[in-house]
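*Asks:* A predicted structure for the sequence below; I have some questions about it.
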Amino acid sequence: MVSPNLVKRLDSENKLELNDNAKRLFQAIYKQQNLSEETEKDIPKIRVSSLISRLAFFYEKVRNAVDYEEEHLLRKNAIARILRRQILIEGVLKDSDSLKISEHLLVELIRGSYLSNNSVPEAKIQELALMLDKYIYLKNEINSRLNSELNLKTDINKAKDLINKKNNLIHWLISLAACEIENNLAPDPVNRVIVHNLFSTLSANISLSETAAKEINLDIQLYLSISRKFLKFDSDMLGFVLFKYYNSDWVNLNDRRLTEEDLAKIKEIGLNFENIKNLIDNQIKQPIRKQLDRIVRPYALYASILAETIAQNPTEIYRKMQKDENSFAAAIRQVCEKKYNKARHRLWRAAIRSIIYIFLTKSIFVLLIEVPSIKFFGEPMNYSTLAINISFPVVLLFIIVALTRKPGKENTDKIVSGVEDLTFVGKGRKRPLVIRKPARRGWLRDGIYKLIYGAAFVVSIYYIIKLLTLIDFTWVSVIIFLFFLALVSFFSIRTTAEIKELIVLDRRENILTFLLDLFYMPIILAGRWLSESFSKINIFIFFFDFIIESPFKVLMEIADDWTKYVRERRDNL
C-alpha cells in the first residue's frame, strides 16, 4: 500500500498532476484502509440472545415492508421510532432516564440487526446518554413553555393549534436526536473529505447573480444540495445539518455532563425553537435548490466513482496515473460498470420491496374496502376484474423495472471526463456558472399551463375509465384501480431512481417522451400526492407502532432476560 507521503513525489514524476482535493481524498482513503485494528477482546460489549435477535429482525422486516423507505434511512428511522416510544410514550408514565433509554436503544438496534451483535462497546451506552441529556432537557423546556401558554388559552381552536404545534416541535426534536445518534454510530471520514472537496470545487464553479446573492446564502444552499445528492440525506437529516449550523455549540455538549451554563444555552434554544425550525424549513425549501441539485448531481456521482476507484487499490491507481491517462480512464470504466450492475441488482431488490408493500396494502384494500363496498352498493361481484385489480399494480411495476436499462458507453465516457476534471490540475470549468433566481411566470401563462396539464390528466383518466368499463369494472373497482395506478406510477419513479442517478447525459426529447410527460406525468404527480397523504394515515404503521411494538418489545425484554437466567444456571452446573 502506497504511503500518502509519496503524493508529492508522484506529482513531480507524473505528467498528470493531482489537484489538492484529489490528494486529500487519496490520503483519507489510505488512512481509512490502514487503520491499526486495536485488540478489543478485553473491552466489554453489548450482547443479546441470538434467538431473540432473529425474532426482532423478522419483526423489523415485516414492519419495514409496510412503511416504504429508502434502505439507507432504515436505521435512522428505527432510532427515531425507538426514541419516540421511549421518550414520548413510555416517558409519560415515568421520568426519562437517558442512560436507560440509551441502553434500550442500542439493545433494540442490535436485536433488529441494525448493529452487529457483540461488537458495540458498553461504553457507547454512556456516550449516547450524554448526547440524549440535552435533548431530554430541551424537550422538557419546550413542553413547560407551551403548557404554560396552553393553560392561558380559553379558545378551544387556539388550544388545539397550540397542542398541534407542541407535538410537531417535539416530533422534530426527536428526529434531530435520531440524526445525531445515526451520525455517531456510523461516522465516515472519507465522506467528510468528499463533501469538503465537492464544496470547494462547486464554490469555485458556481456563483449567484447580483439579485439572487442579496436574498440567498449560497454556502448554505450548496452544502444542502451536496448533502441531498451525495449523502442522500432526507429532510430530517438536512434539518440536523442546519440545526448544528445555527447552534454551533450543540454538538460540543456531548463531551460532558450538562453544566449550569449549558442548561442556560439549551433554555435559550428552547425559547427560540419554533423560530429556528421555521428558519431551517425555509432554507430547505428554498426555490433555488432545484437548479443547484441539477448542477450538483453529476458532480456527486463523479466524486463517488473517484472514491470507489481509489479505494480498489490506491497503489495500482497511482501506477496507472504514472503510466498514462488511458489506464486511469480504464479503471474508472470498470468501476462504472460495477456500479451499473450493483444499481441494477438493487433496483430489483427495491422493486421486490415495493411489490410486497403494494401487494399487502392492495390485498387489505380489497378485503376491507373493495369487496364490502361492491356488496353494499349492490354491484355484481366480478372475480375476473377483482383479479385484474389485485395483480395489475404489481405487473405494472414489474414491467417498468424490467424495461429500465443500465447506462451505456456514452454515459460512461462523460463520467470519465467528469472524474478527471475533479482529479487533475488544469481540468474542469474555466468560468463559473451563474445562477439566477427562478423566474416567476405571469399568472395568465401559469394558469394556461395548469389548464393544459389538467385537461391532459382528465383525458388520460377518461380513456382509462372507458377501457375499464368495457371489461365490466364496477365504479368502486374503477376508483381503487385508479388509486393504485397513480400510486404505482409514483413508486416506479422512486424504485428506478438509483439507476437513473447514474445517468449524466441529457435526456433525449422526442414525440414519445413529450406525450408521456403530457399524459402520464399528471398521474405520477397524483400518485406522489396520494403517497404523501397515505403515509400520514398509514393504518399499518399505526397498528405496528402503537398496538404491536410496545408489547412486543416488552416480551423481547422478558425473553432475553429469561435466556440470560437460563445461561447463568447452566454455567453454575
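*Replies:* Sure thing, it's come through.
*Asks:* How is the protein partitioned into domains?
*Replies:* 68-187+249-281, 299-536 (automatic domain parsing).
*Asks:* Show the average pLDDT along the last one.
*Replies:* Going back to what we said before, that points to domain 299-536. This predicted structure assigns domain 299-536 an average pLDDT of 81.
*Asks:* for the first one, same thing?
*Replies:* Averaging pLDDT along domain 68-187+249-281 gives 86.
*Asks:* closest one to Arg228 among the domains of the chain?
*Replies:* Comparison of the domains of the chain against Arg228 by C-beta to C-beta identifies domain 299-536 as nearest, at 8.7 Å. No exception for glycine: its C-beta is placed from N, CA and C like everyone else's.
*Asks:* any idea how far Ala78 is from Ile464?
*Replies:* 39 Å (C-beta to C-beta, to the nearest Å).
*Asks:* For Ile435, name its beta-bridge partners.
*Replies:* Taking DSSP bridges, one finds Leu208 as the beta-bridge partners of Ile435.
*Asks:* Report how many residues lie close to it.
*Replies:* Summarising burial for Ile435: neighbours were counted as other C-beta atoms under 10 Å, giving 19.
*Asks:* any idea how far Arg294 is from it?
*Replies:* As judged by C-beta to C-beta, Ile435 and Arg294 stand 10 Å apart.
*Asks:* Next: Phe199.
*Replies:* Looking at Phe199 against Arg294, where the rule is C-beta to C-beta, the gap reads 17 Å.
*Asks:* out of these two, which sits in the busier spot?
*Replies:* It is Phe199, of Phe199 and Arg294, that has more neighbours when counted by other C-beta under 10 Å, with 17 against 11.
*Asks:* Return the residues in contact with the more buried one.
*Replies:* Contacts for Phe199 were tallied using C-beta atoms under 8 Å, 6 or more residues apart in numbering; they are 222-223, 226.
*Asks:* element containing it, please.
*Replies:* For Phe199, the host element (DSSP states H and E) is helix 189-205.
*Asks:* Now do the buried residues in that helix.
*Replies:* Along helix 189-205, these residues count as buried under the neighbour rule (16 or more other C-beta atoms under 10 Å): 190-191, 193-195, 197-199, 201-202, 205.
*Asks:* Could you do stretch 444-453 as well?
*Replies:* By 16+ other C-beta under 10 Å, the buried positions in stretch 444-453 come out as Tyr453.
*Asks:* For that stretch, list the C-alpha coordinates in PDB.
*Replies:* Listed in PDB are the C-alpha atoms of stretch 444-453, where the atom choice follows Å, rounded to 0.1, in the frame of the first residue of the first chain:
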ATOM      1  CA  LEU A 444     -52.000  34.200 -17.100                       C
ATOM      2  CA  ARG A 445     -49.300  31.900 -18.600                       C
ATOM      3  CA  ASP A 446     -49.200  29.900 -15.400                       C
ATOM      4  CA  GLY A 447     -52.900  29.400 -15.500                       C
ATOM      5  CA  ILE A 448     -52.900  28.300 -19.100                       C
ATOM      6  CA  TYR A 449     -50.200  25.700 -18.500                       C
ATOM      7  CA  LYS A 450     -52.100  24.400 -15.500                       C
ATOM      8  CA  LEU A 451     -55.200  24.200 -17.500                       C
ATOM      9  CA  ILE A 452     -53.500  22.200 -20.300                       C
ATOM     10  CA  TYR A 453     -52.000  19.900 -17.700                       C
END
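*Asks:* which residues are in contact with the strand or helix carrying Ile295?
*Replies:* Applying DSSP H and E as the criterion places Ile295 in helix 289-312. Helix 289-312 has contacts (C-beta under 8 Å, 6+ apart) with 22, 25-26, 29, 33, 190, 194, 197-198, 201-202, 206, 221-222, 224-226, 228-230, 317, 331-332, 335-336, 338-339, 415, 418-419, 421-423, 433, 435, 438, 501-502, 504.
*Asks:* Which other helices and strands does the helix or strand following that helix contact?
*Replies:* The element immediately downstream of helix 289-312 (helix or strand, assigned by DSSP H and E) is helix 314-323. Contact here means 3 or more C-beta pairs under 8 Å, 6 or more residues apart in numbering; DSSP states H and E; on that basis helix 314-323 packs against helix 7-13, helix 20-33, helix 325-365.
*Asks:* which residues touch stretch 132-144?
*Replies:* By C-beta under 8 Å, 6+ apart, the list of residues contacting stretch 132-144 reads 87, 96, 98, 101-102, 166, 169-170, 173-174, 176-177, 250, 253-254, 257-258, 262-263, 266-267, 269-271, 273.
*Asks:* hmm, which of those residues are the buried ones?
*Replies:* Applying 16+ other C-beta under 10 Å to those flags 87, 96, 98, 101-102, 166, 169-170, 173-174, 176-177, 250, 253-254, 262-263, 266, 269-270, 273 as buried.
*Asks:* Quick one: the strands in the chain, in order.
*Replies:* In order along the chain, the chain carries the following strands (DSSP state E): 206-208, 433-435.
*Asks:* What about Ile136, how many residues nearby?
*Replies:* Number of residues near Ile136 (other C-beta under 10 Å) recorded here: 19.
*Asks:* next one: Arg228
*Replies:* By other C-beta under 10 Å, neighbour count at Arg228 equals 21.
*Asks:* now do the one 10 residues further on
*Replies:* A total of 21 residues lie near Leu238 under the criterion other C-beta under 10 Å.
*Asks:* tell me the contacts of it?
*Replies:* Counting by C-beta under 8 Å, 6+ apart, Leu238 has contacts 224, 227-228, 284.
*Asks:* is it true that Thr412 touches Lys338?
*Replies:* No: with contacts defined as C-beta atoms under 8 Å, Thr412 does not count as touching Lys338, sitting 11.6 Å away.
*Asks:* These two: which is more packed in?
*Replies:* Counted by other C-beta under 10 Å, Thr412 and Lys338 do not tie: Thr412 has more neighbours, with 21 against 13.
*Asks:* could you pull out the helices for the stretch 401-550 of the chain?
*Replies:* 409-423, 443-470, 475-495, 497-500, 511-519, 521-536, 539-542, 549-571 (DSSP state H, counting those that start in this stretch).
*Asks:* right, and the ones you listed - which one's nearest Leu109?
*Replies:* Judging these by C-beta to C-beta, what sits closest to Leu109 is helix 549-571, at 12.1 Å.
*Asks:* I'd like the helices of the stretch 401-550 of the chain laid out as CSV, including distance to Ser50.
*Replies:* Conversion of the helices of the stretch 401-550 of the chain to CSV gives the following (distance: least, C-beta to C-beta, whole Å):
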stretch, distance to Ser50
helix 409-423, 43
helix 443-470, 51
helix 475-495, 33
helix 497-500, 32
helix 511-519, 50
helix 521-536, 34
helix 539-542, 28
helix 549-571, 9
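*Asks:* looking at those, which is closest to Asp324?
*Replies:* Between Asp324 and the helices of the stretch 401-550 of the chain, the shortest separation by C-beta to C-beta is 12.4 Å, and it involves helix 409-423.
*Asks:* quick one: that closest one to chain centroid distance?
*Replies:* On the basis of C-alpha atoms, centre = their mean, to the nearest Å, helix 409-423 sits 26 Å off its chain's mean C-alpha point.
*Asks:* Of the domains of the chain, give the one that comes closest to Phe240.
*Replies:* Smallest distance to Phe240 across the domains of the chain (C-beta to C-beta): 3.7 Å, for domain 68-187+249-281.
*Asks:* How far off centre is that closest one?
*Replies:* The chain centre lies 19 Å from the centre of domain 68-187+249-281; the measure is C-alpha atoms, centre = their mean.
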